[in-house]
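Student: Take a look and give me a structure for this.
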Amino acid sequence: MPANEELLSQLERSIEYADSRRKLWTYYPDAGPLCRGNYPRHLDFFAAGAAHMERAFIAANRSGKSTCAGYEGTLHCTGRYPDWWVGRRFAAPVTFWASGEDIRSVRESLQPLLFGPPGAIGTGMIPGDDIVGQPTAGRGVPDSIDSAAIKHISGGVSRIVLKTYEQGREAFQASKIQVCWLDEEPPSNIYTEALTRLMATEPGEQNGVMMCTFTPLRGMSDVVMSFLGDDWRRPDASAAP
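Tutor: The predicted structure follows:
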């Protein structure tokens, strides 16, 4: 291959590599087929965070629930809020828990969304250059991640911890955090324990952010009803003779 063609090929590979580590900036663009205007429910979810501590994105499978919460969690960890962002903001680094049912499901869903697949860490939603060092490996399951340090634009460092419901309520104790994402419906005792970790403990301090994303496969459970209450009923339900 001539020298100039080899140089061009190297440049193209460098650009592709850099782009693969900056996926955060491709989400919710101003225009195009994937523009944020096509996702009004996602925008409603983001905006609600400015006023509400607890939020749930309860919808069918493959509707972008996890993408929505993963995107917000990444913004909180990095501080890289876009100009259009009207939701909750953190001016300083956060501790972010991202949780799912078990370690294998977390490895196959949340982990690649946030970090990228095994062997390509840094190609997920979190910009590759914002990951400090190497994530801490999880125990017992190959290619799983336990935690990672993330650069915040303030100059500090956020921390992401991946947890599972199968670890039990005890794994959600004894910490103070700012952001929690529960992907798939959690047991009620884990939900309440995680919620406690988000409570403000100092005068003038705001509570943290709780995000749940799930399809209500367990019916009207305690967690579902805590969000829906009687609002799930049809407007005409009480009008039956």
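
Student: Quick one: the helices in this structure, in order.
Tutor: For the chain, applying DSSP state H gives helices covering 3-20, 40-48, 65-78, 103-108, 110-115, 188-197, 222-228.

Student: Touching, residue 97 and residue 180? I think so.
Tutor: Yes. Counting by C-beta atoms under 8 Å, residue 180 is a contact partner of residue 97 at 4.7 Å. (Each C-beta comes from the backbone N, C-alpha and C, glycine too.)

Student: Identify the contacts common to these two.
Tutor: 194, 197 (C-beta atoms under 8 Å, 6 or more residues apart in numbering).

Student: Tabulate the helices of the chain (JSON lines), appending mean neighbour count.
Tutor: As requested, the helices of the chain are exported to JSON lines (neighbours: other C-beta atoms under 10 Å):
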{"stretch": "helix 3-20", "mean neighbour count": "10"}
{"stretch": "helix 40-48", "mean neighbour count": "16"}
{"stretch": "helix 65-78", "mean neighbour count": "23"}
{"stretch": "helix 103-108", "mean neighbour count": "19"}
{"stretch": "helix 110-115", "mean neighbour count": "23"}
{"stretch": "helix 188-197", "mean neighbour count": "18"}
{"stretch": "helix 222-228", "mean neighbour count": "16"}
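
Student: CSV please, covering the ones you listed and showing mean pLDDT.
Tutor: Below are these laid out as CSV (pLDDT from 0 to 100):
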stretch, mean pLDDT
helix 3-20, 70
helix 40-48, 97
helix 65-78, 97
helix 103-108, 93
helix 110-115, 96
helix 188-197, 94
helix 222-228, 81
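
Student: looking at these, which is closest to residue 152?
Tutor: helix 65-78 (6.1 Å; C-beta to C-beta).

Student: list the helices and strands that closest one packs on?
Tutor: Packing partners of helix 65-78 (3 or more C-beta pairs under 8 Å, 6 or more residues apart in numbering; DSSP states H and E): helix 40-48, strand 54-58, strand 95-100, helix 110-115, strand 145-151, strand 157-164, strand 179-183, strand 209-214.

Student: try 7 Å
Tutor: On a contact count with 3 or more C-beta pairs under 7 Å, 6 or more residues apart in numbering; DSSP states H and E, helix 65-78 meets helix 40-48, strand 54-58, strand 95-100, helix 110-115, strand 145-151, strand 179-183, strand 209-214.

Student: That's all I had, so thanks and see you.
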